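Chemist: After the sequence you'll find the predicted model.
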Amino acid sequence: MGLNVEEIRKDFPILRRVVNGNPLIYFDNAATTQRPVQVVAAIARFYLQYNANVHRGFHTLSQEASEAFEEAHEVIAHFINAYSWEEIILTYNTTESINMVAHTWGLKNLREGDEIILTVMDHHSNMLPWRKVAEITGAKIRYVDITDDGLLRYDMLEEMISERTKVVTFPMMSNVLGTMNDVKRIVKVAHSVGAIVVADGAQWVPHAPTDVRDLGIDFLAFSGHKMLGPTGTGILWGRKDILEELEPFKSGGDTIKDVTLDSVVWHDLPWRFEAGTPNIAGMIGLAEAVKYLMRIGMENVREHEKELVRHTLKRLEELADDVDVYGPKDPEVRGGVISFNVKGLHYHTVGKALDLFGIAVRTGGHCAHPLHYRLGIKGTVRASYYIYNTVEEVDRFIEVLKTIVKLKERLAKEKVEDVCTGG
């Protein structure tokens, strides 16, 4: 059936903005997406009609808020085909979700001499928590390299895996190269030696169908703000049998069943991991975002982005002498991310020039500095797509790039401060 993009765009008033005298083209979706009016309305309804703390009272407003908050867990569980809504843990973002796994499962189970396998394409938010835990426990970090085309070196992973391997963790999709990794292949290798699999789904879950049962992973982390939801919302999914063995990453209100002066009985899942007053409005908004995506169909989201990537790569061939493009050339193994550099121009200069034409992109190291160093560069310009982007916007983007190339000598004189940018 495909997406009716023109109808979808009506739900996003921000897309009607004019920036620097030009219609806004928003190509910074890998950093954060826009929110449809339905999500904003759901948040507003909570605050205006039944605002109250959850799990704290028997009065009507608290009961309504608790019901909506718990239903949100069920909606998200259905979205990723979890075994139970109890496996859905609300966090602030992917970063906190991964830290939670590293500092609960990791500190409990890792010992000196154990090995944690990461990849050179990992986001800092997955790489750094495991490095910190390795420092504490004495475990060793090992990295899987990539091919020159930006694909994971599965042969290297298979050679590296051993009885010492306790954790295999990786990005399901690279936020720089767009590479969509073969999750089932990685799971099979990891589980062959009894290692757990921790999947960073920040760039995958918003863009492709996700079935945790079918994939066979043990933990999945993703962010709400990258999939039409509010900022400050993230999800950690974990297998119930593993989660039940873990104590809270943060303790306090709502994490307990009982406390005495010298003992504690932890709460059931997922509440033992959701300390204090949670982001109630955010979770309700995220559930509305998930409902929106389920209505349009994640298969349709994926096909739409493949079309945009295919068209972009073809159009960029017109600039082959002046633009370096990174990552796989096959849209079947690439998500809606195009990272590139204009030869002779700093990436920040290109990003600033595109903004003058109303085109929003991300520039810098994208919180994946080791990957850029592996590519022999310090940063890139990144265009990233979502459900409301169009082929016509891609064509406008290419024409503006051609203008930037023509003005390259003049633009190269611009002084640029090389700052670190995230996402």
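Modeler: Yep, that arrived.

Chemist: For the stretch 51-200 of the chain, just list every one of the helices.
Modeler: Read by DSSP state H, counting those that start in this stretch, the stretch 51-200 of the chain holds these helices, from start to end of the chain: 60-80, 94-101, 107-109, 124-137, 154-160, 183-191.

Chemist: what's the closest of the ones you listed to Leu220?
Modeler: For Leu220, the closest of the helices of the stretch 51-200 of the chain is helix 60-80, at 6.8 Å, according to Cβ to Cβ. (C-beta placed from N, C-alpha, C; glycine too.)

Chemist: ok so, going back, ranking the helices of the stretch 51-200 of the chain by mean neighbour count, which comes first?
Modeler: Greatest average neighbour count among the helices of the stretch 51-200 of the chain goes to helix 94-101 (a mean of 25), per mean count of other Cβ atoms under 10 Å.

Chemist: average model confidence for that helix?
Modeler: The average pLDDT for helix 94-101 rounds to 97.

Chemist: What of stretch 297-308?
Modeler: 98.

Chemist: May I have the strands that pair with the helix or strand Asn341 falls within, each with its orientation?
Modeler: Take DSSP states H and E as the rule and Asn341 turns out to sit in strand 337-342. Looking at strand 337-342 with DSSP bridges, its paired strands and their directions are strand 323-326 (antiparallel), strand 380-384 (antiparallel).

Chemist: Which of the helices of the stretch 51-200 of the chain sits closest to Ala281?
Modeler: Closest to Ala281 of the helices of the stretch 51-200 of the chain is helix 60-80 (Cβ to Cβ; 9.4 Å).

Chemist: Centre of the chain to that closest one, how far?
Modeler: Here helix 60-80 shows a centroid-to-chain-centroid distance of 23 Å under the convention Cα atoms, centre = their mean, to the nearest Å.

Chemist: pLDDT weak spots in the stretch 201-350 of the chain?
Modeler: Within the stretch 201-350 of the chain, no range satisfies pLDDT under 70.

Chemist: Show me the strands in it, by range?
Modeler: Per DSSP state E, counting those that start in this stretch, the stretch 201-350 of the chain has strands spanning 219-223, 234-238, 256-259, 264-266, 323-326, 337-342. These are given in chain order.

Chemist: And the pLDDT at the nearest residue to Phe69 once chain neighbours are set aside?
Modeler: If the residues on either side of it in the chain are set aside, Phe69 comes closest to Val54, at 4.7 Å by Cβ to Cβ, 6 or more residues apart in numbering. In the prediction, the pLDDT value recorded for Val54 is 94.

Chemist: Output the helices of the stretch 51-200 of the chain in JSON lines; the columns should cover distance to Asn389.
Modeler: Listed next are the helices of the stretch 51-200 of the chain as JSON lines, based on distance: least, Cβ to Cβ, whole Å:
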{"stretch": "helix 60-80", "distance to Asn389": "22"}
{"stretch": "helix 94-101", "distance to Asn389": "22"}
{"stretch": "helix 107-109", "distance to Asn389": "42"}
{"stretch": "helix 124-137", "distance to Asn389": "25"}
{"stretch": "helix 154-160", "distance to Asn389": "31"}
{"stretch": "helix 183-191", "distance to Asn389": "25"}
